[in-house]
Structures are given as C-alpha cells and as structure tokens.
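**Student:** sharing a model prediction with you, sequence too.
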Amino acid sequence: MGKNKETLRGAEIFVRALIDEGVKHLFGYPGGAVLHIYDELYKQEVLEHILVRHEQGATHAADGYARATGKPGVVLVTSGPGATNTITGIATAYMDSIPLVVFTGQVPTSMIGNDAFQEVDAIGITRPCVKHNFLVKDVRDLAPTIKKAFYVATSGRPGPVVVDIPKDVTADSCEYEYPKSVELRSYKPVIKGHPGQIKRAAGLILAARKPMIYTGGGVILSDASAELIEFTRYLGYPITNTLMGLGAYPGTDTQFIGMLGMHGTYEANMAMHHCDVLIAIGARFDDRVTGDLEKFCPYAKIVQIDIDPSSIAKNVPVDIPIVGDVKHVLKDLNTQLKEHKAKPDTEALKDWWSQIQEWQKVDCLKYDRKSKIIKPQYVIEKLYELTKGDAYVTSDVGQHQMWAAQFYKFDQPRRWINSGGLGTMGFGLPAAMGVKLAFPDSVVACVTGEASLVMCIQELSTCKQYGLPVKIINLNNRYMGMVRQWQEFFYAGRYSHSYMEALPDFVKLAESFGHVGMYIDKTADVEGALKDALAMKDKLVLMDFITDQTENVYPMIASGKGQHEMHLAPDRELA
Amino acid sequence: MRHILSLLLENEAGALSRVAGLFSARGFNIESLTVAPTEDPTISRMTLVTEGSDEIIEQITKHLNKLVDVIKVIDLSESRHIERELLLIKIATKDGMREEIKRLVDIFRGRIIDVSDSTYTVEMTGDGEKIDAFIATLDKKLILEVVRSGVSGISRGEKAI
C-alpha cells in the first residue's frame, strides 16, 4: 500500500488511466452503460472527447488519427448497438494492423448473459477481428487492463484491442495506480532479426542481377522509411510499394517504379515477374498484389522480412525468412551490406534498369488529358500539383482510391490513409476527420466517390462541431465505379444495382451541415475550384466533381492472371 | 498428416474460444481437443489433434503462437511421445453375454466400473487405435453409449514442455 495511492471510482480510474497513458483525443458516443465514464469526462479538461454521429465514424476517425500520427487511436462507446456499430471499423483496423484501443460499455456484471437491455457479447462478437480483447470484471483489474490493452495494441504487429467494461465496474472503487510497465508471459514479439539470417540475406541480395524491392505497410508501421531509403539508395535497386506502403519510399524518386498489384504500374508488375531476387519488406503477399500465385515471381529467390511469423510463407514459399521489426532488421541489414565484400553488380543493374525503362515507356497510366468531360485522374493530378504533394490524403474504396494511389505521389509516410485490407467504403471522411484533428495546420483531403461518401456522411456534422475543415474531393460518376467496371468486363455490361438513381444535391447537402459545397462539371473549372477550396482554410469544402461515367482504372491484372499479364486500356493491348 | 499439438495457455475465460475460433476462421481441422488446468491453476494444458500438410501445420502453429493467451506450442508428433485417450462405454449384457464381455475387457486391460442387471460400464485408456479396436470387437447392437475424451499427449523421456 503506497502512501500516495488514492481510492477512486472505476469511471475516474478510466479517465486517469487514459491521461496517464498519454491519450489526448478520444472518439466516442455516450449511452447508458458508459454514463459514469461520461460524467467523469465532463469534469475534466485534459482529454478531448470528439462526439461522432455514428460509432463506425468513431473507429474510422481513431484509425485515421493512428495512421497519420503513429499513436494509438482511442474509442469509447456504449454497450449493445454502440459496440456492434464499431465492428466494421475494428475489422478495418485489424486488416491493416492499425493500433486502436476500443472501450465498449457493458451491462452490469450481474446481468451479463441475461439478454439485458443493450446487451451484446462484445468480446465474442469482436474476437475474430481484434488482436486481443479483455472483459474487466473487477475494478481492481481496470487500470492494469488498460495498460495491457495499449501495450498489446501498439507493440509487435499492431492491431485493435477491445476492452469491455461493465457498468458496475465503473461505479466500484479501489486504489488507483497506473502500472509503469507491463509484462505478459504469453506475448513476446520478436524485435531483432536473426543475425545469421540477415547475413545470408545480405549475400543473396548482393548477388542479384535483376533485383526487386517490394515493401508494404509494415515499413510505415515500424517508422522505417529512413532505413528503407538508405537500403534502397545504397543498392541502386528498383523499388515498388504496395497500396498500404505508399510514401514509405519517396514516390518522386527515380528508383521508385510505382505501386504494384492489380492496378499497379506495368513496369512494377513486370519487374516483379522477371526479377531474380525479391526483397519483401513488411508486405504480406496479398492476393491483390500477387495475382495468380502459380505464376508469381517464377525466377526469384525471395527474402521476406516481417514481424509476424504467420505472415511469412503464408501464400508464397520464402527462401530467406527474417522475423523481426522492419526498422531493426533494416538497420542490421544496412550494416551487413556495407561490410560485405561484395558490392551491387552495377553492370547487371545497368541492363536491368534499361529493361525497366523499356517497360516505363509504355506509359501505362496514360489517359485522355484533352477530355472536356472531367477525367478523375486529372482531378487527382491537379490536387497533387496544388498541394505540392504535401497533403494528407484519405480515401474510400473503389476506382477513386486506385486513381488517388496512382496519381498522387507520396513522398512521405503516413500521408496516404486508406482501407487497404478490408476495403471499407465509408472510411474516408471520418478518417480525414481524425487526421485533421491531429494535424490542424495541414491540408487534409478526402478523395472519395458519391457511393462511398454517403456511407458515413453523418460525420459532416462532427466536422462542423469541432471545426475540422477537410477538403472532400467527390469524384461523382453516378456509379459504384469499381463494381460498374467489373460488370462491364466480366458480366457483359449488366450493371446490376451499381447505378445511383437518386443522389443528393451534394452542394445543398454540404450547406445544410454548415459547410461549403461546390459543383464542378467542366475540366476547365477543376483547377480553379481546387484553388478556391484550398484557399478557404477554415472551411470544410465538399467539391462535387461530375466525372466521366465510362472511365475505368487501368492498367489491370484480371483475376486468375499473373503479374506479367496486365491489361492496358482496351485500345492499347500489349499481348 | 496427423499432428498432436500441445499448448500451454492462460487459464482464462475465452482462451478456449480463441483457439477454436482460430481453427474455424482459417478453415483448419480439429480432430479432437482436450483442455484442463495444470499444476499451476493459472495455466491450462491443451492437446489438439489436427491434420494437414507441413505448410498448414506450420501456419497453425504460427497462428496459435500469435494468440495473446497462448504461452507455448509444441508439436508432439515431431518427436517420441505418448498419447492416451480415455473411453467410457456402456454395453448391454443381456442373453448371457456378461462373461464374454468381461473377458474382452480384460484382454484390452479395461475395467468395469459400474454394473447393472443388464449393462456394464467400462473404462479404458490407450491410444486411439486401441480404443477403436476395442469398440470394433463389440457387437454394435450391444453398445449403448460411447464417451471418448479425445487425445492427451506428453513427450517421452526427460523432455518437458
């Protein structure tokens, strides 16, 4: 019994623990089971609570916040529907390994299992989409559990953690002490890579004649951009990033040959296919990256660096696996490379680069720049130019997401915020809200489509309440564009339920929430509109760009095809 | 190939469902699963029998290790080990079959642990094959009830988990 320990109620412990954990922002929505906690929030001014309009918005906002800052996003919701509404956001964070701590209220312990009002088995329902979850049954466990939750969420391969807190636990009292550290005998992530494996990898990497560096979200999560840049520049090898990895290596650098995968660049996919050594760093060989696994990288020896052993050799056999935190492993690998007697094979590299330049000449991202009807790619290019590549860009899911990834060149990590794994429509606006809260002085643009945007449109109200002037780039083609594209390609143009017959007037919609709306339907007006919107620094501007309905995302690897079997636009097939 | 995985995990509500959920979510097979606390009441020991190629077993092991509640995972079938299963079986003993069944139980080194006018209840331990063999020797019509515990396993020699 320390003499400084105070006896506090659970609700007070909750608030104190978050403050002691260093939490600044909390995204949430009150309800019966969390009223004791909300009462404590009312009495203090350290934690800023952001009242969202739907619990899904809270999780996406916290997720955007986490992706942009690297700090865990924190959510507080009530029991029952409060908890179930967070599921999509939790699953989104889980698929992309984003650290979230989600607190759900629960009915009092004595009523658990009785089908009480607003009761749901939050632990059971979230289990498949969390890194871990906890039910706190005793107020004495509350502070230590909160400490564990933050530790598990942020260490190793990060991910969402749910803490379910019954109402009586927030009313009970005990002595409060926030643990300084936490030790879990069953959870010990490997941080340092195995030195022998790193040495072997260095040898293989330096022996490559047609090398390829393929990096994913793990580089960003581990804050290893500097190490990756050092690694890539020392070797002089070509590099591609996954959708989740964009910005980890500067998008404007000459060694960067674009994103890879289904809608990646022709040159990146061809270089993947023909490489003799593939260095995979913090990337998980997702099906949207590999195409048909039977045809994947047929000539390559593969080195894979990942903190999660279960990600290694999950889809593709690996020659040299290295388990460890990307930042630590790359540091050690960089040292090994420089001490190694072999040097990168500059002669072989010259040939390899000239081959890559041939592929680059295909100009796979070409589109009709003279079109009077607004081309969505043009809007992204202009956004890139006007923000000098320095904006935070969030997106929803679909064609606009791919165009943003292809045409906005990210030179820094944590600037490109999108739902890569789960592919959650409705993510973009609340995520932008979370980013803007963390970086109020930066431009935060949400690139979206009319179908995605309305999925969490209610958060315009939150943006108004907290003064979060994000810029919404609505690429409005009146279709669920990616669904329409697949229906055109694979279902003989039967556009089943992908057309939005009744859309709102987005200008009036924005205005009704107290924001600025703009309607732009001519290519000539795009640049001016973007300039005007960016100049209104303290206004949320929803720009409704009426874009070409028939535009498709190219190039493309159709399902069942290999990376070397890309389609360009219909009039410029290669094979 | 059949593998026997032995796990130590936190003896906490929900730990079992995390393991079971992992198998169903990722489409892995569970042939049998037994779990009970160890000499340390905060730790449970689980024996899990599964089947799959080496790649699948590697993924299963990695995913089990990734669960925050799991302390340790070993594949018993990789080295010398003992596996045992407990059988409780209720057998009808009408029509002068009592002697015959008693002899069979003795041959398989089982024990009759409960008797009624028309039934024997037998306990037997052994590996799965022995239990299968005993059940197969009985006339199906005589078997009233079968309870099998699923496999428990342990390494031979000095090796401990």
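**Tutor:** Everything's here; your move.
**Student:** dump stretch A:394-402 to PDB, keeping only the CA atoms.
**Tutor:** C-alpha atoms of stretch A:394-402 as PDB (Å, rounded to 0.1, in the frame of the first residue of the first chain):
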ATOM      1  CA  THR A 394      -7.600   9.800 -47.200                       C
ATOM      2  CA  SER A 395      -9.800   7.700 -49.500                       C
ATOM      3  CA  ASP A 396     -12.700   5.500 -49.500                       C
ATOM      4  CA  VAL A 397     -12.800   2.300 -51.600                       C
ATOM      5  CA  GLY A 398     -13.100   1.800 -55.300                       C
ATOM      6  CA  GLN A 399     -11.900   3.500 -58.500                       C
ATOM      7  CA  HIS A 400     -11.200   6.800 -56.900                       C
ATOM      8  CA  GLN A 401      -9.000   5.000 -54.300                       C
ATOM      9  CA  MET A 402      -6.900   3.500 -57.100                       C
END
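**Student:** how about residues contacting that stretch?
**Tutor:** Residues from elsewhere that reach stretch A:394-402 (Cβ atoms under 8 Å, 6 or more residues apart in numbering or on different chains): A:64, A:263, A:376, A:404-405, A:417-419, A:423-429, A:431-432, A:435, A:444-449, A:451-453, A:455, A:473, A:475, A:477, A:480-483, A:485, A:551-553. Just so you know, the C-beta spots here come from the backbone N, C-alpha and C atoms, and that holds for glycine as well.
**Student:** go again with 7 Å.
**Tutor:** The contact list for stretch A:394-402 (Cβ atoms under 7 Å, 6 or more residues apart in numbering or on different chains) reads A:64, A:263, A:376, A:404, A:417-419, A:423-428, A:431-432, A:435, A:446-449, A:452-453, A:475, A:480-482, A:485, A:553.
**Student:** same deal with stretch A:517-526?
**Tutor:** A:371-372, A:374, A:378-379, A:382, A:506-511, A:529, A:533, A:541-546.
**Student:** find the nearest non-adjacent residue to the residue nearest to the spatial centre of chain A, please.
**Tutor:** Nearest residue to the geometric centre of chain A (Cα atoms, centre = their mean): residue A:418, 4.2 Å. The spatially closest residue to residue A:418, leaving aside those adjacent along the chain, is residue A:395, at 4.4 Å (Cβ to Cβ, 6 or more residues apart in numbering or on different chains).
**Student:** what are the bridge partners for that neighbour, then?
**Tutor:** residue A:447 (DSSP bridges).
**Student:** measure it to residue A:64 for me?
**Tutor:** 11 Å (Cβ to Cβ, to the nearest Å).
**Student:** just residue A:111 next, same as before
**Tutor:** For residue A:111 relative to residue A:64 (Cβ to Cβ), the value is 35 Å.
**Student:** neighbour count winner among these two?
**Tutor:** residue A:64 (32 against 15; other Cβ atoms under 10 Å in any protein chain shown).
**Student:** who touches residue B:124 in this structure?
**Tutor:** B:87, B:108, B:110, B:131, B:134.
**Student:** and the fourth one, how far is that from residue A:463?
**Tutor:** Going back to what we said before, that points to residue B:131. From residue B:131 across to residue A:463, the span is 66 Å (Cβ to Cβ).
**Student:** same check on the first one?
**Tutor:** Residue B:87 sits 66 Å away from residue A:463 when distances are taken as Cβ to Cβ.
**Student:** ok, back up a step: just the contacts of stretch A:394-402: which are in helices?
**Tutor:** Within the contacts of stretch A:394-402, residues falling in helices by DSSP state H are A:64, A:376, A:404, A:428, A:431-432, A:435, A:452-453, A:481-482, A:485.
**Student:** before we move on, what SS does the residue nearest to residue A:197 when sequence neighbours are not counted have?
**Tutor:** Excluding the flanking residues, the one nearest residue A:197 by Cβ to Cβ, 6+ apart is residue A:322, at 4.8 Å. Recorded secondary structure, residue A:322: strand (DSSP: H, G, I helix; E, B strand; the rest coil).
**Student:** okay, and the beta partners of residue A:322?
**Tutor:** Counting by DSSP bridges, the residues bridging with residue A:322 are residue A:305.
**Student:** backbone dihedrals for the closest residue in space to residue A:294 that isn't next to it in sequence, please?
**Tutor:** Excluding its sequence neighbours, the residue lying closest to residue A:294 (Cβ to Cβ, 6+ apart) is residue A:562, at 7.8 Å. Dihedral angles phi and psi of residue A:562 (degrees, to the nearest 10) take the values phi -90, psi 170.
**Student:** quick one: the residue nearest to the centre of chain A from residue A:129, how far?
**Tutor:** 18 Å.
**Student:** residue A:283 against residue A:243, yeah?
**Tutor:** No: counting by Cβ atoms under 7 Å, residue A:283 sits too far from residue A:243 to count as a contact (10.3 Å).
**Student:** what is the burial count for residue 78?
**Tutor:** This is for chain A. Using other Cβ under 10 Å, the number of residues around residue A:78 comes to 25.
**Student:** let me rephrase: I mean chain B.
**Tutor:** Neighbour tally, residue B:78, other Cβ under 10 Å: 12.
**Student:** which of the residues in stretch A:203-210 are buried?
**Tutor:** A:204-206, A:208, A:210 (16 or more other Cβ atoms under 10 Å in any protein chain shown).
**Student:** what is the mean pLDDT for that stretch?
**Tutor:** Average pLDDT, stretch A:203-210: 98.
**Student:** and chain B, which residues reach chain A?
**Tutor:** Proximity of chain B to chain A (Cβ under 7 Å from any Cβ of the partner chain) is limited to residues B:10, B:14, B:17-18, B:21, B:25, B:59, B:62-63, B:66, B:68-71.
**Student:** what subset of those is buried?
**Tutor:** Buried subset of these (neighbour count, 16+ other Cβ under 10 Å): B:10, B:14, B:18, B:59, B:62-63, B:66, B:68-71.
**Student:** show me the contacts for residue B:56.
**Tutor:** residue B:28.
**Student:** gap between it and chain A?
**Tutor:** Residue B:56 sits 11 Å away from chain A, going by Cβ to the nearest Cβ, to the nearest Å.
**Student:** three-state assignment of residue A:185?
**Tutor:** Classification of residue A:185 by three-state DSSP places it in coil.
**Student:** what sits up against stretch A:560-568?
**Tutor:** Contacts of stretch A:560-568 (Cβ under 7 Å, 6+ apart): A:266, A:269-270, A:272-273, A:291-292, A:295-296, A:364, A:554-558, A:573-574.
**Student:** try it again with 6 Å
**Tutor:** A:266, A:269-270, A:272-273, A:291-292, A:295, A:364, A:554-557 (Cβ atoms under 6 Å, 6 or more residues apart in numbering or on different chains).
**Student:** over to stretch A:470-482?
**Tutor:** With Cβ under 6 Å, 6+ apart as the criterion, stretch A:470-482 contacts A:376, A:398-400, A:432, A:436, A:444-451, A:453, A:498-500, A:533, A:540-547, A:549.
**Student:** what does chain A put close to chain B?
**Tutor:** Residues of chain A lying close to chain B (Cβ under 6 Å from any Cβ of the partner chain) are A:127-128, A:132, A:185-187, A:309-310.
**Student:** filter those down to the buried ones, ChimeraX style.
**Tutor:** To isolate the buried ones among the residues of chain A next to chain B in ChimeraX, judged by 16+ other Cβ under 10 Å, type:
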select /A:127,132,186,187,309,310
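**Student:** as a markdown table, the residues of chain A next to chain B with pLDDT would be great.
**Tutor:** Below are these laid out as a markdown table (pLDDT from 0 to 100):
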| residue | pLDDT |
| --- | --- |
| A:127 | 96 |
| A:128 | 96 |
| A:132 | 97 |
| A:185 | 94 |
| A:186 | 92 |
| A:187 | 94 |
| A:309 | 95 |
| A:310 | 94 |
